[in-house]
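Asker: Next come a sequence and a model predicted from it.
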Amino acid sequence: MDTSFDVPERLALRGVTRRDFMKFCGLMAAILGLPMSMAPKIAHAVAKKRPTVVWLHFAECTGCTESFIRTTYPWAADIILDTIDLAYHETVMAAAGDQAEEVLEKTVKDNKGKYICIAEGAIPTKDNGAYGRIHGKTFMEIAKDVCGNAAATICVGNCACSGGVQAAKPNPTEAKSVSAVIGKGTVNIEGCPPNADNMVATVVHYLLLGKLPACDDLGRPLFAYGYLIHDNCPRRGHFENDEFVKEFGDEGALKGWCLYKVGCKGPETYNNCPIIKWNQGTNWPIGAGHPCIGCSQPKFWDEMSPFYVQK
Amino acid sequence: MARVVVDPIPRIEGHLRIEVEIENGKVKDAWSSGTLFRGLEIILQGRDPRDAHLITQRSCGVCTLVHSLASVRAVEDALKITVPPNARIVRNLTHAAQNMHDHPVHFYQLCALDWVDVVSALKADPKKTADLSAAVSGRPQPKKYYEELKGKLKAFVDSGQLGPFANAYWGHPAYKLPPEANLMAVGHYLDNLRQQVHAAQMTAIWGAKNPHLQGHLPGGVTVLEQLNADRISEYLYKLKNQIAFIEEVYIPDVLAVAKFYKGWTKIGGNKNFLAYGDFPESEKEPESFYFPRGIIMDGKLQLVQVDPKKITEDVTHSWYENSEPLHPSVGVTKPLSGDALKGAIPDTKAKDGKYTWMKAPRYDGKAMEVGPLAQCLVSYVGGNKEIKDTVDGVLKKLEVGPEALFSTIGRIGARAIKCLINAKIAEKWTMDLIENIKKGDTKTFTSYKLDESTNGMGMGLNDVARGSLGHWVNIEKGKIKNYQQVVPSTWNLGPTDGKGQKGPVENALIGTPVADPKKPLEILRTVHSFDPCIACAVHVIDPKTNEVYKFRVS
């Protein structure tokens, strides 16, 4: 079996032109903060390999998967069918029950130490993890096996990265991050959910450079989480000029002034939302007149709330 | 007699296990289990009521937005806030866009592979596929397109790395579509993966981002600076594009599947339906709902009024301490934990065995199906002319009577019809918004007082992508004292009750033919037709305090 596929050719068959493909590579280079001259190398890296990826769902809402399929450069279908070998993913896979479990077992066995595990969701640990099971196994057992045998585990979303909403006080199921349960470091693409572009960029970084991106002390890739929202906010000028929304619906809101006084957590939150925005640049929270809730910070459900109050 | 367990059920939100007993090639009995518990309602206690919509929205990232909507309505009910007309319309536009996103994603990405054999598509004749698409689809493709698509598919299969298509039930005798229809459907599966990106952008125009929107809060919506001609025209442009996709691709594909699988109009049905109704067109709720509120009992096409006092919940087969079926306002929730929980391993064999984290909601003691089929049936008899005309037209095309609606295919068809009608009416609502702004009304928020002296109880009843969704909130001294969510998938996927009455999915599965118990494809068809969404379906419990929840239901 020849595994060195020519991705541009296969993408062309799928209706993606070489120009589209290079545009994707250029976008990835931009997000990753690489010089544009790296774009051809990205194209090569993506074309050369089709690594096996196992995507696990634990205690979560599937919002991260939904966010992931909002990617357009490349489209989700092109990633799933042409760029990676997505061997296991409960929300998209055709196989069910025993047949799905067989796929997971075989993938882990045949690719031990070589596959990437993407984890979505936190892991309940109370009562030996009885609060979450798939195919009879607890999430704790699954995580230790599947994440434990992966080349690397990439956590997507606040739940997998730091416990998420179910771990908010009083944390009824004693939910924990994946890293805390498997006892190993993970790359943490934070956010509730993370932006699709940041998820794709992390995977491309791995394919291009053969290693995971540089991260901050919370495991978050610096290319995305190296910036304070406040520093790149288009409303920053209003903050400096003392022009604030004092109540929703007021004159300041109409004029697009700073949301700090109605609770904006942009000054404490690291993410690239103001730079890349959401849904192909359609909008982002502060653009829609809503304060940032700090969703890419660990424990934000407790530490950033109440969300509409500036502490 | 064979026992078959399907765990995990893929292509849903959440973690679901289905067990069935098969006798003489048919399902004789069925058990539906939610295998994850998160406990969001406990987490809500003591928090600022305005934060509840952000937290509850995390119940589900697939039907994102809807819990935010239910929550702000419940808090507004408690604080006696009436939102301005612009906020009501913007919410309707966002909610409608969410449905336009959600329903096609359900059909193509979550349920189509139960009816479409991807491997069979390799045998398709591209010329015949082009002819088929010219005959049935609003977006016909030429022979060359299908040659290329088939080539791509072949290269993918030949690679040996089948990814998400590995180890499925391909070649199963229950697959009935000819290879050409399968190939056409594969094309549309890929098309919708792209189309859904555009549909999500519609919600982000008003709600900042998708998934997990940030544009609502109690009192109205935050969008104000951007409530302008530019953004409205952007929404309208994307709306027209989405309507075209629904009309030209989604509806014809659903009709094609229905034609080839007519036998499934006699399988998988229920008789009792509940719809809370939704999309207020004025301040009067529920009177002004575009999709009305109502009940259909015993399969009779006549409208019965909803009395929320008749809702009870039963825990006989759920991992909670036993009690009589109780109304949510006096509900006692005593969860099992530690030794009593026995690891939460489903016990479907003992008479009173516990097998799920979901409770069993009942209306007037009866299990009720909720969702787009319930919404369509209630709208059909409740005076929604657009729904009635469209349903009648579809039934005529398929040459079946209204009884065909009470089935697995009926459920899938009703979802598509509701999606189309919802999309079309959103055009009118956009015009209403423009008229308001023209008159100089730009108000999107009603201010209110919330402090330590604030007390109140509120209820938000909504009808969302997966059905009837209710939030109840009790505010005391400006904080959440109690919060309760009774969600669509609990109604549909909840367990058997103490009287032995099956939940709607369990009931719908009984009688389903299963050709090969090792490959229970037919079970997936009926389960997926409900569009299960499990993360939010798991009922509130408080493992620490076993607190008694008290809610007023009016």
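Answerer: Nice, thanks for sending it over.
Asker: count of neighbours near B:Ser103?
Answerer: One thing to correct before we go on: residue B:103 is His, not Ser. 26 (other Cβ atoms under 10 Å in any protein chain shown). Any C-beta I mention is one placed from the backbone N, CA and C, and that applies to glycine too.
Asker: cool, B:Lys502 as well?
Answerer: For B:Lys502, using other Cβ under 10 Å, the count is 21.
Asker: Kindly report the same for B:Leu36.
Answerer: 26.
Asker: Can you get me a residue count around residue 245?
Answerer: With no chain named, the answer covers chain A. 28.
Asker: please go with chain B instead
Answerer: Here the number of neighbours of B:Phe245 (other Cβ under 10 Å) works out to 24.
Asker: quick one, strands of chain A?
Answerer: A:52-57, A:85-89, A:116-120, A:123-124, A:133-134, A:137-138, A:152-156, A:175-176, A:187-189 (DSSP state E).
Asker: Of these, give the one that comes closest to B:Tyr250.
Answerer: Ranking the strands of chain A by proximity to B:Tyr250 (Cβ to Cβ) places strand A:85-89 first, at 23.6 Å.
Asker: and for the closest one, what are the contacting residues?
Answerer: A:50-56, A:65, A:79-80, A:92, A:100, A:103-104, A:107, A:115, B:161, B:163-164, B:166 (Cβ atoms under 8 Å, 6 or more residues apart in numbering or on different chains).
Asker: Could you pull up the contacting residues of whatever residue of chain B ends up closest to chain A?
Answerer: Among all residues of chain B, B:Gly61 sits closest to chain A, at 2.1 Å; criterion: Cβ to the nearest Cβ. Listed by Cβ under 8 Å, 6+ apart, the contact set of B:Gly61 reads A:60-67, A:193, B:13, B:211-212.
Asker: Check whether it sits in a helix, strand or coil.
Answerer: Three-state call for B:Gly61 (DSSP: H, G, I helix; E, B strand; the rest coil): coil.
Asker: Quick check, pLDDT for the closest residue in space to it that isn't next to it in sequence.
Answerer: Leaving out its chain neighbours, the residue that sits closest to B:Gly61 by Cβ to Cβ, 6 or more residues apart in numbering or on different chains is A:Gly63, at 2.1 Å. Reading off the confidence values, A:Gly63 has pLDDT 96.
Asker: what do you get for A:Thr202?
Answerer: We note a pLDDT of 92 for A:Thr202 in this prediction.
Asker: so where's the chain shaky on pLDDT?
Answerer: With no chain named, the answer covers chain A. Where chain A drops to pLDDT under 70, the residues are A:1-22, A:26-27, A:29-49.
Asker: Wait, chain B was what I had in mind.
Answerer: Applying pLDDT under 70 to chain B flags the ranges B:326-334, B:536-554.
Asker: Closest to the geometric centre of it, which residue is that? Let me know.
Answerer: Nearest residue to the geometric centre of chain B (Cα atoms, centre = their mean): B:Arg466, 1.6 Å.
Asker: right, and that one touches B:Pro488 too?
Answerer: Yes - in this structure B:Arg466 lies within contact range of B:Pro488 using Cβ atoms under 8 Å: 3.9 Å.
Asker: out of everything not next to it in sequence, what's closest to the closest residue to chain B within the stretch 101-250 of chain A?
Answerer: The nearest approach of the stretch 101-250 of chain A to chain B comes at A:Gly249, 3.0 Å away (Cβ to the nearest Cβ). Leaving out its chain neighbours, the residue that sits closest to A:Gly249 by Cβ to Cβ, 6+ apart is B:Phe445, at 3.0 Å.
Asker: State the number of residues packed around the one you found.
Answerer: By other Cβ under 10 Å, 24 other residues sit near B:Phe445.
Asker: Could you check how far it is from A:Ala253?
Answerer: 8 Å (Cβ to Cβ, to the nearest Å).
Asker: Mutual contacts of those two, please.
Answerer: Here B:Phe445 and A:Ala253 share the contacting residues B:222, B:224, scored by Cβ under 8 Å, 6+ apart.
Asker: What are the phi and psi values at the residue nearest to A:Gly249?
Answerer: phi -150, psi 140 (degrees, to the nearest 10).
Asker: got the contact list for it?
Answerer: Neighbouring residues of B:Phe445 by Cβ under 8 Å, 6+ apart: A:248-249, A:253, B:83-84, B:87, B:219-222, B:224.
Asker: List of residues touching stretch A:169-180?
Answerer: In contact with stretch A:169-180 (Cβ under 8 Å, 6+ apart) are residues A:58-59, A:119, A:122-126, A:131-132, A:143, A:147, A:153, A:155, A:159-164, A:166-167, A:185-186, A:188, A:219, A:302, B:37-39, B:42-43, B:541-544.
Asker: ok, and does the longest helix that chain B contains reach over to chain A?
Answerer: If you go by DSSP state H, chain B has its longest helix at helix B:408-438. No - on the criterion Cβ under 8 Å from any Cβ of the partner chain, helix B:408-438 is out of touch with chain A, staying 12.5 Å away.
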